[in-house]
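give me coordinates for this.
(chains A and B)
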Number of protein chains: 2
Amino acid sequence: MSTPTTSTAMDFTPARFCSDTNARTGTLRLTRGTVQTPVFMPVGTHGSVKSMTPHLLKEMGAEIILGNTYHLYLRPGHELIDQLGGLQRFMAWDKPILTDSGGYQVFSLGELCKVHDNGVSFRSHVDGSRHEFTPEIAMAIQGALRSDIAMVFDECLSYPATAEETRRSTDRSIAWAARSKAAHGSHARAGEQALFGIVQGGFDNDLRIYSAQATVEMGFDGYAIGGLSVGEGKELMYGVLDTVVPHLPTASPRYLMGVGTPIDLVEGVARGIDMFDCVMPTRHARTGYLFVGWGRINIKNAVHRDSASPIDDTCGCYTCRHFSRAYLRHLFLSGEILAHQLHTIHNLHRYLTLMAEMREAISAGRFGAFYRQSVQQFQEENHHA
Amino acid sequence: MSTPTTSTAMDFTPARFCSDTNARTGTLRLTRGTVQTPVFMPVGTHGSVKSMTPHLLKEMGAEIILGNTYHLYLRPGHELIDQLGGLQRFMAWDKPILTDSGGYQVFSLGELCKVHDNGVSFRSHVDGSRHEFTPEIAMAIQGALRSDIAMVFDECLSYPATAEETRRSTDRSIAWAARSKAAHGSHARAGEQALFGIVQGGFDNDLRIYSAQATVEMGFDGYAIGGLSVGEGKELMYGVLDTVVPHLPTASPRYLMGVGTPIDLVEGVARGIDMFDCVMPTRHARTGYLFVGWGRINIKNAVHRDSASPIDDTCGCYTCRHFSRAYLRHLFLSGEILAHQLHTIHNLHRYLTLMAEMREAISAGRFGAFYRQSVQQFQEENHHA
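Numbers count the residues shown, from 1 in each chain, chains lettered A, B, ... in the order given. Next comes the predicted model:
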């Protein structure tokens, strides 16, 4: 079904499979470290996972993080990062990094963005300067960043899109994937860097299958599913996973891009996803939304003013072991940046321990029960809310 | 020379004295822990030393921190902190805390501030609400905060001031100190909380001696020197220390309030000061000024753009062990709050290790040499600069 890739930069071994869902655990060996899957990758946009030292991130169990190619290209520039030894060394994170291709950010942050068959021209959101991204440029930047996993440059379709727009965009992404693979194969660090393809196709099942087949046909080290969590609703998103996953090779890691809430991670794992990234835990932390159970609280609410309770009394994170909601609310309202850090610790802990619980449940042969219980709890919480 | 105090909340033992300066080391035993002197107290204005977790602060060697009465009174309110177990518990800092009296902040931050013999009325800088601080109120707030060391409520003189203003203000501070002592002695937690007097008197030697004698006559657990580092220049400041210290009891800790740069700490210790606090290391961290040698660099400068060097290649802090100037500059310019944290780690490390070096030098009988070398290095750096 898949063309073997030539990369020596990655090895993936699915170890255990759940008997009543598509969940599996595995080990992903990369140039700069080994990752247990399924895994959540905290997002480090500007070369730092916001408010977290690498030391603390590692202590909390993060094994791989995501770097944003678009942001690092604009500031401080990939040449500088290359000159200083690559992104890992630059940010003193000695474990693996996956870089996105910059495509999504070009479309969502770049100004006066123009798509043509060769690539995308845009103006920087930082200083208005003119730039162009093509598959070849995106590969060169990621090569300079020296990430362990690079992503092909794809087009991000706006939602909703017409059938015609979706088909054209899907074809363009496939063409760009082929160019990305060619460019990647010829760059100096190809042997140290795995390359993942991205399945697009919007919310058209046939196009999703067409994209999956074409991408797998080209042959990549892993396969991402892109274009989800764009406002489509959970059922549509889960439906795309159900459609696409059967067309991806069992022996390759599957990565659901930019998703999602805790229950989304559970639903994704149950459908055979191995890797996730999302800004939600770090972004919510900065706005005072803190994960409890399958939902979240807003620490700014007056109800927490006098509360001596931790965010979540079942949570074992540093924040919950030491600080009351009253204290966190006070810090937040006083504009203290320690609030951001303590909130980020809690939210990332929720995500990282949820992944660890799922890996354990799969290994112990009880993920089916874990899944059903999680979905039931989620539904009960939403019913009461 | 001094009236013995009735407090059971503190014990101070000067252990070693330098033979050719007034420096000494000692052990300060407080309700919630023991502090080796001379000591620097990081400032935690809103109940957090900006960007630092208590865990990290302790790991870096901080033994006591300062809390700001004015800020905590306004937000979240001392009653709430009391209800939640006091400031230590509220902020999860299980070592001693010294609280200032709020006087300095009332004068510098409060709006429409009016001084009268009973106290000071002002409007909150947060929401414009009306408030009054008196010696009795300042003691009640610090009692509710449950700090290990409370400070008397004093008047802060503006600089420069006339002879008449200075005399009147000095007398008022002495009267308020007596009221502070009486109020402190009658509050429920007096036995757990030490009380320090504050020597004022501006830049008039006679008034400084008069204030010192009157304050010592009243009898406090320790003696602070206030009203310095207000723009008077280093020689005037050191002159006040030379004038005041001989009038303070050897057996009591001496605290130089709100001072200063690294060389100020050395000059203070040489003159017999045991305790310091200053916002400089934490505030400079947030604006990108980082201590190197006896001076500082501005990490925003373009000269650091490509620099693979740490802030200070002789520094052993977490930041210098892991990150380049180029990375820190990038984080700072990108508005990443991790920059603040990494900068704060470095600057506080400079202050805390400098104090540790001085304690060691005094204990080993070589502080005189340390002092002369430090002053020489400082002068050479300033000569070249």
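
C-alpha from now on. contacts and neighbour counts both.
Fine.

ok, now how distant is the closest residue to chain B within the stretch 251-385 of chain A from B:Leu30?
The minimum distance from the stretch 251-385 of chain A to chain B, using C-alpha to the nearest C-alpha, falls at A:Leu338 (4.6 Å). For A:Leu338, the distance to B:Leu30 equals 27 Å [C-alpha to C-alpha, to the nearest Å].

and the pLDDT at the closest residue to A:Met280 other than its chain neighbours?
Nearest residue to A:Met280, sequence neighbours excluded (C-alpha to C-alpha, 6 or more residues apart in numbering or on different chains): A:Gly260, at 6.8 Å. Note on A:Gly260: pLDDT of 95.

same check, this time on A:Arg325
98.

that one: how many residues sit nearby?
By the criterion of other C-alpha atoms under 10 Å in any protein chain shown, A:Arg325 has 22 neighbours.

can you pull the contacts of it?
A:299, A:304-311 (C-alpha atoms under 8 Å, 6 or more residues apart in numbering or on different chains).

from what I can see A:Asp306 touches B:Leu80, true?
Yes - here A:Asp306 reaches B:Leu80: they are 6.9 Å apart, a contact under C-alpha atoms under 8 Å.

with neighbour numbers in mind, choose between those two.
A side-by-side neighbour count of A:Asp306 and B:Leu80, using other C-alpha under 10 Å, places B:Leu80 first with 22 against 18.

now that one: how far from A:Gly47?
From B:Leu80 across to A:Gly47, the span is 39 Å (C-alpha to C-alpha).

what's opposite the residue nearest the centre of chain A in the beta bridge?
Central residue of chain A (C-alpha atoms, centre = their mean): A:Asp277, 1.8 Å from the mean position. Judged by DSSP bridges, the bridge partners of A:Asp277 are A:Met41.

repeat that for A:Thr25.
Bridge pairing for A:Thr25 - DSSP bridges - gives A:Arg16.

any idea how far A:Leu57 is from it?
The value you get for A:Thr25 to A:Leu57, if C-alpha to C-alpha is used, is 22 Å.

and the helix or strand containing A:Ala326, how far out from the chain middle?
Counting by DSSP states H and E, the element that carries A:Ala326 is helix A:325-333. Relative to its chain's centre, helix A:325-333 lies at 29 Å (C-alpha atoms, centre = their mean, to the nearest Å).

same question for stretch A:334-351.
Distance of stretch A:334-351 from the chain centroid (C-alpha atoms, centre = their mean) equals 19 Å.

and for stretch A:32-48?
For stretch A:32-48, the distance to the chain centre is 8 Å (C-alpha atoms, centre = their mean).

list the buried residues in that stretch.
Using 16 or more other C-alpha atoms under 10 Å in any protein chain shown as the burial criterion, the residues of stretch A:32-48 that qualify are A:32, A:34-48.

residue ranges in chain A under the pLDDT threshold?
Low-confidence segments of chain A (pLDDT under 70): A:1-7, A:384-385.

sec struct for the most far-flung residue of it relative to its centre, please.
Using C-alpha atoms, centre = their mean, the residue of chain A lying farthest from its centre is A:Asp306. It sits 36.3 Å away. Under DSSP: H, G, I helix; E, B strand; the rest coil, the three-state class of A:Asp306 is coil.

how far away is the residue in the stretch 1-150 of chain A positioned nearest to chain B from B:Leu338?
Chain B sits closest to A:Ser51 of the stretch 1-150 of chain A, with a gap of 4.6 Å, by C-alpha to the nearest C-alpha. Look at A:Ser51 and B:Leu338: by C-alpha to C-alpha, they are 5 Å apart.

and the two? Which one has more around it.
A:Ser51 (27 against 21).

the more buried one and B:Glu336 touch, don't they?
Yes - taking contacts as C-alpha under 8 Å, A:Ser51 lies within contact range of B:Glu336: 7.3 Å.

which parts of stretch A:164-184 are buried?
Here stretch A:164-184 shows A:166-167, A:169-181, A:183-184 as buried, counting by 16+ other C-alpha under 10 Å.

stretch A:92-108 now?
Buried, per 16+ other C-alpha under 10 Å, within stretch A:92-108: A:92-104, A:106-107.

what do you get for stretch A:201-218?
Those would be A:201-203, A:207-216, A:218, for stretch A:201-218 by 16+ other C-alpha under 10 Å.

now, the most widely separated pair of the residues you listed?
Of all pairs drawn from the buried residues of stretch A:201-218, the one with the longest distance (C-alpha to C-alpha) is A:Phe203 and A:Met218, at 22.3 Å.
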